[in-house]
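*Asks:* one predicted model, sequence on top.
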Amino acid sequence: MVSEGDDAPDFTVPLADGDVGTFSLSEHLDDAPFVLAFFPAAFTSTCTTEMRTFRDRMARFDDVDATVYGISIDTPFTLNEFRRQNDLEFALLSDTNRELVHEYDIAMDFADAGVRDVAKRAVFVVDGDGEVAYKWVSDDPGVEPDYEEVAAAAESVRA
C-alpha cells in the first residue's frame, strides 16, 4: 500500500469537470497540493455526503491552495452528472479501468452486490514533488474522513 513519504503513483485517467478530458498527475504537480479523495461509487449515500462535505468546505482547501479531486470507478459521464446534481465545483477522476485502486492498493469488493474492485474510502494528499504527505484509508465504506485533518495536511504541505 502507498504510504506517507512514498512517491505517489503517477496516472492518466479520464477527467470529469463538466466536460470529459484527461488528467495526468505528473503533468499537474504545479497545482499541488492535491487532495485525492477516493470513494466507492457515485450516487450512493455516504459517497454523496462525502463529496458534498468537500464541496461545503472548499473555502478551507482554497485557502491553502489545495486542489481537490474525487475519484471513483464510475465513468466520466456518470461523474459529470453526479457533479451536476450535487453542485460540485471540483473535478472528479474516473478510474473505470480500476488502475488507481490497484496502484494505490485500496481495492475492495462488495461481494453481496457482486461488485468487485471498487475504491475503499481513502484520502491521499500529494505535494508538489509528487510525494504522499498524508494518507487515510478506511475498511468501512460508511466512515468518512476527518475533513479538518485532511485540510491541515494540505496546509502543512504548503507551509
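*Replies:* Looks like it arrived, so ask away.

*Asks:* low-confidence ranges in the chain?
*Replies:* 111, 113, 159 (pLDDT under 70).

*Asks:* which residues in it form strands?
*Replies:* 12-16, 20-24, 34-38, 67-72, 92-94, 107-110, 115-119, 121-126, 132-138 (DSSP state E).

*Asks:* tell me what the first one is packed against?
*Replies:* This means strand 12-16. Applying 3 or more C-beta pairs under 8 Å, 6 or more residues apart in numbering; DSSP states H and E, one finds that strand 12-16 contacts strand 20-24, helix 76-85, strand 92-94. Heads up, the C-betas are built off the backbone N, CA and C, glycines and all.

*Asks:* other residues contacting it?
*Replies:* The contact list for strand 12-16 (C-beta atoms under 8 Å, 6 or more residues apart in numbering) reads 20-25, 71, 75-77, 79-80, 83, 91-97, 99-100.

*Asks:* what angle sits between that strand and strand 67-72?
*Replies:* Strand 12-16 runs at 100 degrees relative to strand 67-72, counting by axes from the mean of the first three to the mean of the last three C-alpha atoms, to 10 degrees.

*Asks:* offset the numbering so it begins at 39, please.
*Replies:* Got it, first residue is 39 now, which makes that one strand 50-54.

*Asks:* partner strands of strand 50-54, parallel or antiparallel?
*Replies:* Sheet pairing here is set by DSSP bridges, and for strand 50-54 it gives strand 58-62 (antiparallel), strand 130-132 (antiparallel).

*Asks:* most tightly packed of those strands?
*Replies:* The highest mean neighbour count among the strands paired with strand 50-54, using mean count of other C-beta atoms under 10 Å, belongs to strand 130-132: a mean of 25.

*Asks:* chain neighbours aside, what residue packs nearest to Leu67?
*Replies:* Residue nearest to Leu67 in three dimensions, not counting chain neighbours: Gly166, with 5.3 Å by C-beta to C-beta, 6 or more residues apart in numbering.

*Asks:* roughly how far does the closest residue to Phe72 other than its chain neighbours sit from Asp178?
*Replies:* Ranked by C-beta to C-beta, 6+ apart and with sequence neighbours excluded, the top spatial neighbour of Phe72 is Val164, at 4.4 Å. With distances taken as C-beta to C-beta, to the nearest Å, Val164 is found 24 Å from Asp178.

*Asks:* okay, the two: which has more neighbours?
*Replies:* More neighbours surround Val164 than the other of Val164 and Asp178, with 26 against 9 (other C-beta atoms under 10 Å).
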